[in-house]
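Pasting a predicted model and its sequence here:
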Amino acid sequence: MNPIVGWLDRLSDLISLPAAWGIFAAGAVIYLIDAWRIRFFALIVQYIFIGVLFARVFDTRPEMALMKVLVGWLISGSLLVSAGVRRRASARDSTKLVRWAANLPFRILVLVTVTVVARLAAQRFTLPFVSADLGLACFLLVVLAVLFFGTEETDPGVVGVGVLNLLVALEIFYLAQDPGLLVSGLMVVVSLLVGLVSSYLIVSEASP
């Protein structure tokens, strides 16, 4: 094995659990803050941590993890540009860098509750052929997707992020058992389509 690949494999093993919680923390920022400039940076960070987990899945093909990160950044940029178009068209106040989401205390309570539920579920229901840290990441990603679907149904950008989180969870679960390039490539195409549709829906809201 290439020594660089072996070093990256050992590094991903060490930081995969913190990366799982990092994904959830970035998703929590997207959930609690209603400002796409902040959400953009949170999504950028989330995909960095997703890349770490995929480096664990593709332990001999680190370039696949890098591709996941680059695709995620491309989608993040398109969502940011689309949100900017919508903001300018709707003449919303853009002077505030941070704008908390509506019903913030309720969202915090829900977020804490589902965090505990996801943690307990990961401990009680072990996913087959999936390590504990990757299993926890899958549960946390699914929980984030449910939160985005349930409370951000009026924002196609956040719903799109929820769909992307759900796709990542399914991909980790499947590829941990059978790390095939065909399925991974197909999921990349699906993710790009989700990003394209979400961006289109955001811009269409600004149309008269």
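That came in fine, so what should we check first?

For the rest of this, base every contact and every neighbour count on C-alpha atoms.
Fine.

Now do the phi/psi pair for residue 179.
Dihedral angles of residue 179 (phi, psi; degrees, to the nearest 10) stand at phi -70, psi 70.

wait, it sits on residue 58?
Yes - using C-alpha atoms under 8 Å, residue 179 is in contact with residue 58, at 6.8 Å.

quick one: the residue nearest in space to the middle of the chain from residue 103, how far?
When C-alpha atoms, centre = their mean is applied to the chain, the residue found nearest the centroid is residue 165 (4.3 Å). Residue 165 sits 23 Å away from residue 103, going by C-alpha to C-alpha, to the nearest Å.

What residues does residue 152 make contact with?
Residues counted as contacts of residue 152 (C-alpha atoms under 8 Å, 6 or more residues apart in numbering) are 158-159.

cool, residue 84 as well?
Neighbouring residues of residue 84 by C-alpha under 8 Å, 6+ apart: residue 36.

Could you look up the next helix or strand downstream of the helix or strand in which it is found?
Assigned by DSSP states H and E, residue 84 falls within helix 62-90. Going down the chain from helix 62-90, the next helix or strand is helix 104-124, by DSSP H and E.

residues of the next helix or strand after that following helix that come out buried?
Scanning forward in sequence from helix 104-124 by DSSP H and E, the next helix or strand is helix 132-151. The neighbour-count check on helix 132-151 (16 or more other C-alpha atoms under 10 Å) flags 132-149 as buried.

Report the rounded mean pLDDT for stretch 107-118.
Per-residue pLDDT over stretch 107-118 has a mean of 92.

For it, which outside residues touch it?
Stretch 107-118 is contacted by residues 28, 31-32, 136, 139-140, 143 when judged by C-alpha under 8 Å, 6+ apart.

ok now it, how far from the chain's centre?
How far stretch 107-118 lies from its chain's middle: 17 Å, per C-alpha atoms, centre = their mean, to the nearest Å.

follow-up on the earlier one: from the contacts of stretch 107-118, which two are the most distant?
Spanning the widest gap among the contacts of stretch 107-118 are 32 and 136, at 21.5 Å by C-alpha to C-alpha.

Give me the helix or strand of the chain that scores worst on average pLDDT.
Ranked by mean pLDDT, DSSP states H and E, the weakest helix or strand in the chain is helix 3-32, scoring a mean of 76.

Skip ahead from that one and say which helix or strand is next.
Next along the chain after helix 3-32, taking DSSP H and E as the criterion, comes helix 36-57.

who does that next one touch, helix- and strand-wise?
Other helices and strands packing on helix 36-57, by 3 or more C-alpha pairs under 8 Å, 6 or more residues apart in numbering; DSSP states H and E, are helix 3-32, helix 62-90, helix 156-175.

Output those as CSV; include the columns distance to residue 127.
CSV is the format used below for these (distance: least, C-alpha to C-alpha, whole Å):
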stretch, distance to residue 127
helix 3-32, 15
helix 62-90, 22
helix 156-175, 8
